[in-house]
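Peer 1: What follows is a predicted structure for the sequence shown.
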Amino acid sequence: GDGSLDVDLTMSQNGVNIVKRFTFFENQNVIDVTYLIDNQSNSSWQANLYGQIKRDSHKPIAAADSGVGVSPYVGAATTTNDDKYEKLTFSDLEDESQNFSIKGGWVAMVQHYFTSAWIPDKESTNKIFLRKLKNQDMYLLGFISPETLVQPGTQAEVSARFYVGPKNIDDLELIAENLDLTIDFGFLWWIAKPIFHLLDYIHDHIGNWGWSIIVLTIIIKAIFFYPSALSYRSMAKMRKLSPKMKALKERVGDDKQKMSQEMMKLYKKEKVNPMGGCLPILIQMPVFISLYWVLMESVELRHAPFALWITDLSVMDPYFIFPLVMGATMFIQQQLNPTPPDPMQAKIMKWMPVAFTFMFLWFPVGLVIYWVTNNTLSIIQQYIITKKIEARTFLKNLGIEYPQNVIAIPDVSPNYSLNYFNLKGWTEYAIPGQPFSPWTFHQFRKMGSNFLIVTDQKYLAHENLKEFIKYPLGSFENSIFVFDLRPVKEENKK
């Protein structure tokens, strides 16, 4: 009735009645193991409770087949007086056995998604042992509790807990302190745990782990929007310098010292920091590494469907569609980055999307969905920033410096590339779509505008406007035209 089931094993030994009780709990993977001792003999009875896990070094197929260069940890783990969580590989135990005492504590055998662990009484000082059997591929890890003494005519009980099941973070946190660290989020676990709890919270509201990954990636990308923008601005400026860098390389040749000196002069002249794109990325790296391990280690993704052909987010895409899309987004993103000045480095970077696509073919598809989403958001942000810088450079080359009054005439269906200019103090003037008259043009001048930006030349089709505007100062991407509204000086009229 209380959601638990007791299974008793009994034994009588020289007047001492012993009950070994296994208590199973509904919808839980922890088992209470309790010894009930009733000493009806004429002498005292003493014993130590111990528990152990026995395992060979064989790795499960899932751990061996989880991706190129990615191998989830398989081995022993425990908590010590010095470390909350310590991993001991099979080779570690082959080299040296481990024995120590700790109040409470636990010892576990860990593999991808699952763990088994002994958790002795947290109020007693227990001995923990981990060792390899001599001349055998067999490893033992367990605990020994303090001696239990039962006087004649008295009863006593001693117990421990044994967990065997999936590495569910909520369950493990409740069972023992630091046992949740068997979910191997890596050295950045203190960042990864809050990320997982946020992912879990999103899933509680969405109900689909795939969409939860996408939403989580969008949230993290939004948090790092400003550092990313700084990085992309720096990359866009470097990309703008590519023709000058190429010309410099052709002029200097193979003189690396001279090339380095000339490059620094160019950076200084153009006010470009070559390291400006790196620092913002470095700030974000701990979070993205943590997110990577969250998606690798979370058992919640095991057998979790996403959509269409994706029925399990913890295994590779059976048709390799997402890895190919990931490779395509990486290629597009690469085109927005500045070309490295070194030819060999440029060739290596050109092959990076191919290498990553090949590597990601065997990655869990949940992880690939994260990379696709992150790359797509990065492409959008980087494209907009790059176009804004190109647009500002375009105006600067026309002699239009900030701040100057500009009036912008968007089309009936707005041309979003107009926003790339991001001008200070500009006026947006919407008209129905037909050509405007000389009177309208005079109004522009009366508004104090010096320049006119038009997204479609049809607005200038009126016959009587030719005397006002003969030629555009220039066009941006052959779709946005800039005209000078300032009066023409008499000496320039011909």
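Peer 2: Now that the structure is in, tell me what you want to look at.
Peer 1: Could you pull out the buried residues of the helix ranked longest in the chain?
Peer 2: If each helix of the chain is counted by residues according to DSSP state H, the longest one is helix 365-397. Residues of helix 365-397 classed as buried by neighbour count (16 or more other Cβ atoms under 10 Å): 365-379, 381-389, 391-392, 394-395. In short, each C-beta sits where N, CA and C put it, glycine included.
Peer 1: and if you look at stretch 177-192?
Peer 2: Buried, per 16+ other Cβ under 10 Å, within stretch 177-192: 178, 179, 180, 181, 182, 183, 184, 185, 188, 189, 191, 192.
Peer 1: I'd like to know which of these is nearest to residue 143.
Peer 2: Ranking the buried residues of stretch 177-192 by separation from residue 143, with Cβ to Cβ as the measure, puts residue 179 on top at 13.6 Å.
Peer 1: For that closest one, which non-adjacent residue is closest in space?
Peer 2: When the adjacent residues along the chain are set aside, residue 179 lies closest to residue 172, with 4.5 Å between them (Cβ to Cβ, 6 or more residues apart in numbering).
Peer 1: my read: that neighbour touches residue 180, true?
Peer 2: Yes - under the criterion of Cβ atoms under 8 Å, residue 172 is in contact with residue 180, at a separation of 4.0 Å.
Peer 1: still on that earlier bit, tell me the helices and strands packed up against the longest helix of the chain.
Peer 2: helix 209-223, helix 225-240, helix 279-297, helix 321-336, strand 474-476 (3 or more Cβ pairs under 8 Å, 6 or more residues apart in numbering; DSSP states H and E).
Peer 1: Report the inter-axis angle for that helix versus helix 225-240.
Peer 2: Using axes from the mean of the first three to the mean of the last three Cα atoms, to 10 degrees, the interaxial angle of helix 365-397 with respect to helix 225-240 works out to 60 degrees.
Peer 1: Which parts of this protein are helices?
Peer 2: Listed from the start of the chain, the chain has helices (DSSP H) covering 61-64, 90-95, 169-175, 189-206, 209-223, 225-240, 242-252, 256-270, 279-297, 321-336, 343-360, 365-397, 438-446.
Peer 1: which stretch in these has the least confidence?
Peer 2: Comparing mean pLDDT across the helices of the chain, the weakest is helix 61-64, with a mean of 52.
Peer 1: Can you give me the distance of the nearest residue to residue 93 once chain neighbours are set aside to residue 164?
Peer 2: Excluding the flanking residues, the one nearest residue 93 by Cβ to Cβ, 6+ apart is residue 132, at 4.8 Å. Residue 132 sits 22 Å away from residue 164, going by Cβ to Cβ, to the nearest Å.
Peer 1: Going by how many neighbours each has, rank these two and give me the top one.
Peer 2: Neighbours were counted for residue 132 and for residue 164 using other Cβ atoms under 10 Å; residue 132 has more, 20 against 14.
Peer 1: Residue 312 is nearest to which of the helices of the chain?
Peer 2: With Cβ to Cβ as the criterion, residue 312 lies closest to helix 365-397 of those, at 7.7 Å.
Peer 1: what angle separates the closest one from helix 343-360?
Peer 2: Computed by the same axes, to 10 degrees, the angle between helix 365-397 and helix 343-360 is 150 degrees.
Peer 1: tell me the angle of helix 365-397 relative to helix 279-297?
Peer 2: 160 degrees.
Peer 1: Surely residue 480 touches residue 452?
Peer 2: No - counting by Cβ under 8 Å, residue 480 sits too far from residue 452 to count as a contact (11.0 Å).
Peer 1: what pLDDT does residue 60 get?
Peer 2: 75.
Peer 1: who touches it in this structure?
Peer 2: With Cβ atoms under 8 Å, 6 or more residues apart in numbering as the criterion, the residues that contact residue 60 are 74, 111, 112.
Peer 1: Per-residue confidence, the residue nearest to the second one when sequence neighbours are not counted, what does it come out as?
Peer 2: In other words, residue 111. Of all residues beyond its chain neighbours, the one nearest residue 111 is residue 74 (4.6 Å), with distances taken as Cβ to Cβ, 6+ apart. For residue 74, the pLDDT comes out at 91.
Peer 1: Surely residue 74 is in contact with residue 112?
Peer 2: Yes - contact status for residue 74 versus residue 112: in contact at 7.1 Å, counting by Cβ under 8 Å.
Peer 1: and these two? which has more neighbours close in?
Peer 2: When neighbours are counted by other Cβ under 10 Å, residue 74 and residue 112 differ, and residue 112 comes out ahead with 22 against 19.
Peer 1: ok, that one to residue 164 distance?
Peer 2: When residue 112 is compared with residue 164 (using Cβ to Cβ), they lie 15 Å apart.
Peer 1: Also residue 283?
Peer 2: Residue 283 is 41 Å from residue 164, where distance means Cβ to Cβ.
Peer 1: now residue 120
Peer 2: Counting by Cβ to Cβ, the gap between residue 120 and residue 164 amounts to 16 Å.
Peer 1: Flag every buried residue along stretch 123-143.
Peer 2: By neighbour count, with 16+ other Cβ under 10 Å as the criterion, the buried positions of stretch 123-143 are 124, 126-132, 139-143.
Peer 1: Out of these, flag the one nearest to residue 116.
Peer 2: Where the buried residues of stretch 123-143 are concerned, and distances follow Cβ to Cβ, residue 116 has its nearest neighbour in residue 141, at 9.8 Å.
Peer 1: For the closest one, give me its contacts.
Peer 2: Residues touching residue 141, when contacts are defined by Cβ under 8 Å, 6+ apart, comprise 52, 53, 76, 78, 107, 108, 109, 128, 129, 130, 131.
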